[in-house]
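Chemist: Pasting the sequence and the predicted model now:
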Amino acid sequence: MSNYSLKIADYVILFKGMSGSPVLNPAAPQQDFITTDENYDLAVNVSRGPVQLPPDATAVFRAPQVEETGGVRIKKSDRFWTVYHKAPKIIIHTICPADDNCREAMLTIRPEELSWDLVMDTRTDRVNPMCYPVDGLLLYYLTALKGDIFIHGSGVLHHNRGYLFTGRSGKGKTTMAGIFHKEGSKVVHDDRLILRQKDGAVYMYNTPVYNNEKSKKSLLSSIYIIEHGSTNEALALRQPEAMTAVMANCIQHHWNISLIEKLTEAIHKLIMTVNTNLLKFVPDSTVIKYIESDGS
């Protein structure tokens, strides 16, 4: 297809194949997010490479390629993706290590406009414009510019209450999602969630990561900063502690003061709306009963 739209976290993103571009081919995780809604929030103009950075663009943020195996983070390469600034544009250059059809890509963001550009270096006739890591980079800057929150965590809907479990790698986010899943609860996502505040409430949304992913959302009732413990025990966090704990698990790039201010404001509104707790938990179904009785 030459054009199609994805609806992610109630954002409609239109991908437009420009003249000479390959066929745009959304991957399996994105299929359920395809929408016919024509009122888009962002248009991404996709064209074929080669990638050519503006000579006067300034590098402001670099990310190495890191893989995690068994809780151990290993740096595979110093060269993964880099953010450049050429006011007012934000330009991101990345390699695409997980996509055989695209070697590298360049995303040009115009913060005040609803139209961005994506150049993909490919010689194939079909390409996924939301390949890794373009997908996460695009969603991060869309949510950051809109004042929303992109966070690592597991979100579940249990008995009409939405719980977000977040923490550092290895603290039990996926484990917690599995415990609730076994009890029949709906797992919104166990990796990357988008939090949006609407009409005085907070909603959490999944993002397309896994095959056969279905678009999901839930009202958010409570946040738990988790770690393993010998007993189930929750402690309500005061505002400064809650701010710090939530921010530590947000996906963020520390270079743009305006975006940092937007994130800080969004987190402040979040913790004023939703209870935030530190939770030490035993990795079995007893934690569900504990959370139900805790009433947070």
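Modeler: Perfect, thanks for sending it.
Chemist: and whatever helix or strand residue 188 lives in, how far out from the chain's middle?
Modeler: With elements delineated by DSSP states H and E, residue 188 resides in strand 186-189, which encompasses its position. Between the mean C-alpha location of strand 186-189 and the chain-wide mean there is a distance of 15 Å, by CA atoms, centre = their mean, to the nearest Å.
Chemist: Stretch 31-47 too?
Modeler: Here stretch 31-47 shows a centroid-to-chain-centroid distance of 17 Å under the convention CA atoms, centre = their mean.
Chemist: State the mean pLDDT of stretch 31-43.
Modeler: Computed over stretch 31-43, the mean pLDDT rounds to 96.
Chemist: should've said stretch 133-149
Modeler: Per-residue scores along stretch 133-149 average to 97.
Chemist: in it, what's buried?
Modeler: 133-145, 148-149 (16 or more other CB atoms under 10 Å). Every residue, glycine included, has its C-beta placed from N, CA and C.
Chemist: Tell me which two of the residues you listed sit farthest apart.
Modeler: In these, two members sit farther apart than any others by CB to CB. They are 134 and 149, at 20.3 Å.
Chemist: And the contacts of the top strand by length along the chain?
Modeler: Using DSSP state E to define each element, the chain has its longest strand at strand 72-86. Residues from elsewhere that reach strand 72-86, judged by CB atoms under 8 Å, 6 or more residues apart in numbering: 53-54, 56-68, 90-95, 97, 133, 137, 169, 253, 255.
Chemist: Show me those that map onto helices.
Modeler: Among the contacts of strand 72-86, the ones falling in helices (DSSP state H) are residue 137.
Chemist: Filter the contacts of strand 72-86 down to just the buried residues.
Modeler: Buried residues within the contacts of strand 72-86, counting neighbours by 16+ other CB under 10 Å: 57, 63, 65, 90, 91, 92, 93, 94, 95, 133, 137, 253.
Chemist: For the stretch 101-250 of the chain, which segments are assigned as helices?
Modeler: 134-146, 173-182, 239-248 (DSSP state H, counting those that start in this stretch).
Chemist: These into JSON lines, with extra columns for distance to residue 103?
Modeler: As requested, the helices of the stretch 101-250 of the chain are arranged in JSON lines below (distance: least, CB to CB, whole Å):
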{"stretch": "helix 134-146", "distance to residue 103": "12"}
{"stretch": "helix 173-182", "distance to residue 103": "31"}
{"stretch": "helix 239-248", "distance to residue 103": "34"}
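Chemist: Tell me where this structure is predicted with low confidence.
Modeler: Confidence mapping of the chain against pLDDT under 70 gives the ranges 1, 68-72, 295-296.
Chemist: Which single helix of it contains the most residues?
Modeler: Per DSSP H, the chain has its longest helix at helix 257-273.
Chemist: got the angle for that one vs helix 239-248?
Modeler: In terms of direction (axes from the mean of the first three to the mean of the last three CA atoms, to 10 degrees), helix 257-273 departs from helix 239-248 by 120 degrees.
Chemist: Show me what the very next helix or strand once past helix 257-273 is packed against.
Modeler: Beyond helix 257-273 in the direction of the C-terminus, DSSP H and E gives the next helix or strand as strand 275-281. Counting contacts by 3 or more CB pairs under 8 Å, 6 or more residues apart in numbering; DSSP states H and E, strand 275-281 is packed against strand 222-228, strand 233-236, helix 239-248, helix 286-294.
Chemist: relative to helix 173-182, how tilted is strand 275-281?
Modeler: Angular relation of strand 275-281 and helix 173-182 on a 0 to 180 degree scale: 90 degrees, by the same axes, to 10 degrees.
Chemist: who touches strand 275-281?
Modeler: Surrounding strand 275-281, the residues in contact under the criterion CB under 8 Å, 6+ apart are 165, 172, 176, 221-237, 241-242, 245-246, 287, 290-291, 294, 296.
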